[in-house]
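# got a predicted model here, sequence first, then my questions.
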Amino acid sequence: MKKFSIIFILVLLVSSCGEEKFKPTVDASVKGDEIPVQESWDTQIIFSEDGKTKAVLHADHIRTYEDKRIKLLDGVKIEFYDDDEKVSSTLTSKRGRINDLTDDMFAIDSVVAVSDSGVTLRTEELIWKNKTKKIKTDKFVTIINGKEKIQGYGFESDQNLKNYTIYNITYVTTIKEK
């Protein structure tokens, strides 16, 4: 019986060492450029200029695509800083995108920007241009500044929401003080 057990183990070992190679299955439906080269969670990115903080980006999830030169963001919050490095406005959105060549940022879905002076902007899509430090959109916007509520299509402002323009105003009302 002992000889039989040894022979059985030897036959098992020899048969498992065969020449046949197994190839893994490859899912052809997934393209290489659809897979991010890097992912990060609960991330903070600091944008600075001449040693001064200009903006801080917080994101729940970031996916970097090297070939497309973009970063896709989920759960976005950006704090913009003034020349004294104090927070001058905050922007939040559900999703976003950063162009790696220009550092322009696109905030998408439930965008809310609030300045330190109390101006609140709501829209569905907003672009922050890094070169000009301006925010703009051609979508519907609502601005509440403490004295009035203004709605319309098309908007441009400095990143601090101090000097803004709504291009096609559709509604204006004054807000009564309490």
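Cool, got the structure.
# where does this protein dip in pLDDT?
Where the chain drops to pLDDT under 70, the residues are 1-4, 8, 10-22, 26-33, 177-178.
# most centrally placed residue in it?
residue 73 (2.6 Å; C-alpha atoms, centre = their mean).
# I'd say that one and residue 94 touch.
No: if you go by C-beta atoms under 8 Å, residue 73 and residue 94 don't touch, sitting 9.4 Å apart. For the C-beta atoms, the positions are set from N, CA and C on the backbone; glycine is no exception.
# so who does the closest residue to residue 77 other than its chain neighbours touch?
Spatially, and ignoring its direct neighbours in sequence, residue 77 is nearest to residue 58 (4.3 Å; C-beta to C-beta, 6 or more residues apart in numbering). Residue 58 makes contact with 43, 44, 76, 77, 78, 79, according to C-beta atoms under 8 Å, 6 or more residues apart in numbering.
# from those residues, which would you call buried?
Neighbour counting over those (16 or more other C-beta atoms under 10 Å) leaves 76, 77, 78, 79 as the buried ones.
# tell me which of the residues you listed is nearest to residue 159?
Proximity of these to residue 159 (C-beta to C-beta) peaks at residue 78, which lies at 9.2 Å.
# that closest one is in contact with residue 57, isn't it?
Yes: using C-beta under 8 Å, residue 78 is in contact with residue 57, at 5.1 Å.
# wasn't the residue nearest to residue 77 part of a strand?
Yes: using DSSP: H, G, I helix; E, B strand; the rest coil, the secondary structure at residue 58 is a strand.
# in the sheet, who's paired with it?
Taking DSSP bridges as the rule, residue 58 bridges to residue 44, residue 77.
# quickly note the distance from it to residue 75.
Remark: distance between residue 58 and residue 75 (C-beta to C-beta, to the nearest Å) = 8 Å.
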